[in-house]
Structures are given as C-alpha cells and as structure tokens.
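[1] The amino acid sequence is not available; the structure is as follows:
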C-alpha cells in the first residue's frame, strides 16, 4: 500500500473513531465520569480530530507532490494520536493517573509531525 493511501486511511479511521468516541463520551460517560475526567476524555477526542484532518492533508499532499518529510509527518501524527489521545482515554476510563505521563510523548510526536509537515511543504522536493 502506498503512503498516501495509508495516511488517508489513518485519517478516515481516526475521524470515524473520533465521532464514535465523542458520542460515547457525551452520552454514555457523562453520568459515569467526574467532570475533570470527562474533560480529559474530551481533550483526547479533540486532538484525535485535529490530527485526523492532519493525516488527511498529508495523504492528499503525498498524492499531489510527494516530499520525503511528508511520510515522517504522517507517522508522527498517527503514533501521536495513539499515545496522546489513547493515554487520555485510558486515564479517563480507569482513573490511573500515571498514564498521564505518556501523554506528553504523544504531544512531542504531534510537534514533530507539524514540523515535518512544515518542512515538507517548504521544501516540496
């Protein structure tokens, strides 16, 4: 499978799951989680959506004008969602606070992904 298609699939999957997790949080978790943990869950959904769109952009850019930095950006975004949003979901659902220590690693991957996307668009070769 080529990189463009892979990142488009990641973006679409993360968007689909973002809608499902958002609805789950708004309906099933509202009465079960403390407000602070519900806010943590919501932050996970929010950042998952941002980076679903970023992955779609990476996929489209790879179709239009491939650049070596673009797959790096895509992988950073894809793994960043797993670490950042995944750790927030797990923290909210289990209350296990040490999981919050994983979240910044996902944030660093997001930053690296945006930097690689910037570089890929700037260089465009």
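    Done, it's in. Values in this document were obtained by computation on a predicted structure and should not be read as measured data.
[2] CA atoms for contacts and neighbours, from now on please.
    Will do.
[3] gap between residue 50 and residue 43?
    Separation of residue 50 from residue 43 (Cα to Cα, to the nearest Å): 11 Å.
[4] again but with residue 117, I slipped
    For residue 117 relative to residue 43 (Cα to Cα), the value is 23 Å.
[5] So for the two, which residue has more residues nearby?
    residue 117 (26 against 17; other Cα atoms under 10 Å).
[6] Tell me which other helices or strands the helix or strand containing the more buried one touches.
    Residue 117 is part of helix 103-123 when elements are defined by DSSP states H and E. Applying 3 or more Cα pairs under 8 Å, 6 or more residues apart in numbering; DSSP states H and E, one finds that helix 103-123 contacts helix 69-94.
[7] what's the angle from the helix it packs on to helix 103-123?
    For helix 69-94 against helix 103-123, the angle between stretch directions is 160 degrees (axes from the mean of the first three to the mean of the last three Cα atoms, to 10 degrees).
[8] Residue numbering should commence at 35 henceforth.
    Fine by me, first position is 35 from now on; the one you just mentioned is helix 103-128.
[9] Can you give me the buried ones in helix 103-128?
    103-127 (16 or more other Cα atoms under 10 Å).
[10] Count residues in the vicinity of residue 97, would you?
    13.
[11] which SS class is it?
    helix (DSSP: H, G, I helix; E, B strand; the rest coil).
[12] Wait, it touches residue 36, no?
    No. Between residue 97 and residue 36 there is no contact under Cα atoms under 8 Å: 9.7 Å.
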